[in-house]
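Asker: The following block contains a protein sequence and its predicted model.
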Amino acid sequence: MNIQFRESQEAASPLISKTAIADCDIHPARATRTELYPYLAKRWQHHLDVYGVHAYQGMMEGPPYPKAQPNASRRDAWPPEGGPQGSSLSFMQKQLLDPNNVQLGVLNPLNTGQGIRNHELSAALCSAINDWQIDKWTSKDKRLKASIVVGNEDGLSAAAEIRERAGDKNFVQVLLLSRNVEPLGQRRYWPIYQAAEEAGLPVGVHAFGFGGNPITPSGWPSYYIEEMVGHSQCQQSALASLVLEGVFERFPKLKMVMIEAGFGWAPSLAWRLDKVWQRLRSEVPHVKRPPSEYIREQVWWTTQPMEDPERREDLFDVINWIGWDRLLFATDYPHWDYDEPSRVLPAGVTEANREAFYLGNAKKLYGIN
Amino acid sequence: MARHVIAPVDELPPGTRKFLEIDGRPIAVFNIKGEYFGLMNRCPHQGAALCEGPLIGLAQSSDPGEIEYTKLGEIIRCPWHGWEFDIRTGQSYCDPRRFRVKAYPAHVEPGTSVVKGPYVAETVTVKVESDYVVVDL
Ligand code: FES
């Protein structure tokens, strides 16, 4: 069924006619299973051939839920030279970067080696992915910047990887996933935050992950559609944990980016946290200020999947609470729930806010001139 | 309204589709079990090249557990976000009140009729002996 009937249409309009944008969630893929081998010690190549990986969670041969489309990707995104969607730089340039005038593209590789029980293997795979991101992507196209992928369940090796990459301009953030072995505020993850803060790098928390916990707080659901909405529930628990364990208090210069889990829920979560904090603050005396303050000061949000309420005023109300300076535009290319830059933001936004939404905020956060 | 010759019928057998641009508009013409349908090849949601999606059927349910699958091969599923549209009418199945793809009538005409009059398509080599798929637009 995965047929591409013809070459996708190229942009009809010349580049200049489109405003420059940042795309803060692009998923590069490996063309082959062994594409990382050149970056892995022989010992780990051998290990992968003989044993494979042992994840915290089963069903690693595929995602925990079947996706709507092959590789959860746009059906027009198969590279002409073969390989899975997102595995070809030249096709990504032709289909995403050039026609949309993407000035900054942040790479967030998935299926990287995070969430693997063998922590040494996890660290080796993550380091390999980071080398591969430079070799295959960021060194070949200066618009692209990479996220440092770390063996998230072992805070110490993760911190070492961050320190090793710190100062390397190929990288603009540290990447975690939302579903881990424990909620993200727990102490095992603190070395990651410490190293990221020292390096001046934001920590992105992308939806998904293989921590072994069910996709929803009430267990494993029946349908993929429930996984899709489960991402925001998961991200809410992660964010509550970060606030309530005192991560933001302890690392006041830490910046977090919530990636691909929506943002419409942010105000209500913050209101609720503030309300219970007023009553229960003696339980968490290390949380010194109302939770909403930490959230508004230290959290950014990528837009895809863009909230799409019936009344655009509702969208603007939410964004006004979050702040027009906090949203980072993202397409999620090449995934099937991709957001088209020219179609996601309704009319009625000031020029300054539009610019911040599409480009300015991202350049500022990621330190791109 | 002008008529546009799309292809000789034997170049568009059942189950196939043809993409083309007419007056700057991206169009796709389908042959579904011998019937011809033309659709604007742009998804009304976010603008994907809609007709590159797969043709599926329509899954409907009167009650949980009761599933009816009809219109096999008559529903086009957008290659991006999977919105479903009826090839026959352009009607959306997720928000039929607001969304519809522009549909263009397509039919077969004998070669002798398409070469007559002012509507001869210059870009198509017209062979008078065969029948042609024609779109009105
Ligand atoms: S562009 Fe077709 S469903 Fe979104």
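Answerer: In hand now; what should we look at?
Asker: could you pull out the helices for the chain?
Answerer: With no chain named, the answer covers chain A. A:42-51, A:89-92, A:119-132, A:155-165, A:190-199, A:224-244, A:247-250, A:266-280, A:291-298, A:312-322, A:351-355, A:361-366 (DSSP state H).
Asker: not quite, I wanted chain B
Answerer: In chain B, the helices defined using DSSP H lie at B:111-114.
Asker: So in it, where's the weakest helix or strand by average pLDDT?
Answerer: None of the helices or strands of chain B scores lower by mean pLDDT, DSSP states H and E than helix B:111-114, at a mean of 73.
Asker: Now it: buried residues?
Answerer: Going by neighbour count (16 or more other C-beta atoms under 10 Å in any protein chain shown), the buried part of helix B:111-114 is B:Gly111, B:Val114. For the C-beta atoms, the positions are set from N, CA and C on the backbone; glycine is no exception.
Asker: With adjacent residues omitted, what lies nearest to A:Ile22?
Answerer: Just so we're on the same page, residue A:22 is Ala rather than Ile. Spatial nearest neighbour of A:Ala22, excluding adjacent residues (C-beta to C-beta, 6 or more residues apart in numbering or on different chains): A:Ala362 at 3.5 Å.
Asker: what number of residues lie near that neighbour?
Answerer: 28 (other C-beta atoms under 10 Å in any protein chain shown).
Asker: who's in contact with it?
Answerer: A:Ala362 is in contact with A:Ala22, A:Cys24, A:Leu104, A:Val106, A:Leu328, A:Phe329, A:Ile368, counting by C-beta atoms under 8 Å, 6 or more residues apart in numbering or on different chains.
Asker: for the first one, what are its contacts?
Answerer: With contact taken as C-beta under 8 Å, 6+ apart, A:Ala22 is in contact with A:102-106, A:328-329, A:358-359, A:362-363, A:366, A:368.
Asker: Tell me which residues of the lengthiest strand in chain B come out buried.
Answerer: Counting by DSSP state E, the longest strand found in chain B is strand B:66-77. For strand B:66-77, burial by neighbour count (16+ other C-beta under 10 Å) applies to B:Lys71, B:Glu74, B:Ile75, B:Ile76, B:Arg77.
Asker: Which residue, other than its chain neighbours, is closest to the closest residue to chain B within the stretch 251-369 of chain A?
Answerer: Nearest residue of the stretch 251-369 of chain A to chain B, counting by C-beta to the nearest C-beta: A:Glu340, 4.0 Å away. Excluding the flanking residues, the one nearest A:Glu340 by C-beta to C-beta, 6+ apart is B:Gln46, at 4.0 Å.
Asker: how near is the one you found to the ligand?
Answerer: 4 Å (C-beta to the nearest ligand atom, to the nearest Å).
Asker: Over to A:Ser218?
Answerer: A:Ser218 is 30 Å from the ligand, by C-beta to the nearest ligand atom.
Asker: again with A:Gly367
Answerer: From A:Gly367 to the ligand the distance is 33 Å (C-beta to the nearest ligand atom).
Asker: Who's the closest spatial neighbour of that residue, skipping the chain neighbours?
Answerer: In this structure, A:Gly367 finds its nearest non-sequential neighbour in A:Val172, 6.9 Å apart by C-beta to C-beta, 6+ apart.
Asker: Let's see the pLDDT reported for the one you found.
Answerer: In the predicted model, A:Val172 carries a pLDDT score of 98.
Asker: so which of the contacts of A:Ala22 is the most crowded?
Answerer: A:Leu328 (31 neighbours).
Asker: Sketch out the low-pLDDT regions of the chain for me.
Answerer: Let's take chain A. A:1-17, A:59-62 (pLDDT under 70).
Asker: try again with chain B
Answerer: In chain B, residues with pLDDT under 70: B:1, B:115-129.
Asker: Contact residues of it facing chain A?
Answerer: Within reach of chain A by C-beta under 8 Å from any C-beta of the partner chain, chain B has these residues: B:17, B:19, B:26, B:45-49, B:51-54, B:79-82.
Asker: Tell me which residues touch residue 136, please.
Answerer: Going with chain A. A:Pro28, A:Leu89.
Asker: Chain B was what I was after
Answerer: By C-beta under 8 Å, 6+ apart, the residues touching B:Asp136 are B:Met1, B:Ala2, B:Arg3, B:His4, B:Tyr104, B:Pro105, B:Ala106.
Asker: And the residues you listed, which is closest to A:Val150?
Answerer: Distance to A:Val150 across the contacts of B:Asp136 (C-beta to C-beta) is lowest for B:Tyr104, with 53.3 Å.
Asker: how many neighbours does the closest one have?
Answerer: Neighbours around B:Tyr104, by other C-beta under 10 Å: 20.
Asker: What is the distance between the longest strand of chain B and the centre of its chain?
Answerer: In terms of C-alpha atoms, centre = their mean, to the nearest Å, the centre of strand B:66-77 is set 17 Å apart from its chain centre.
Asker: so what strands line up beside that strand?
Answerer: strand B:55-63 (antiparallel), strand B:84-86 (antiparallel) (DSSP bridges).
Asker: Among these, show me which one is buried the most.
Answerer: Of all the strands paired with strand B:66-77, strand B:84-86 carries the top mean neighbour count, a mean of 22, counting by mean count of other C-beta atoms under 10 Å in any protein chain shown.
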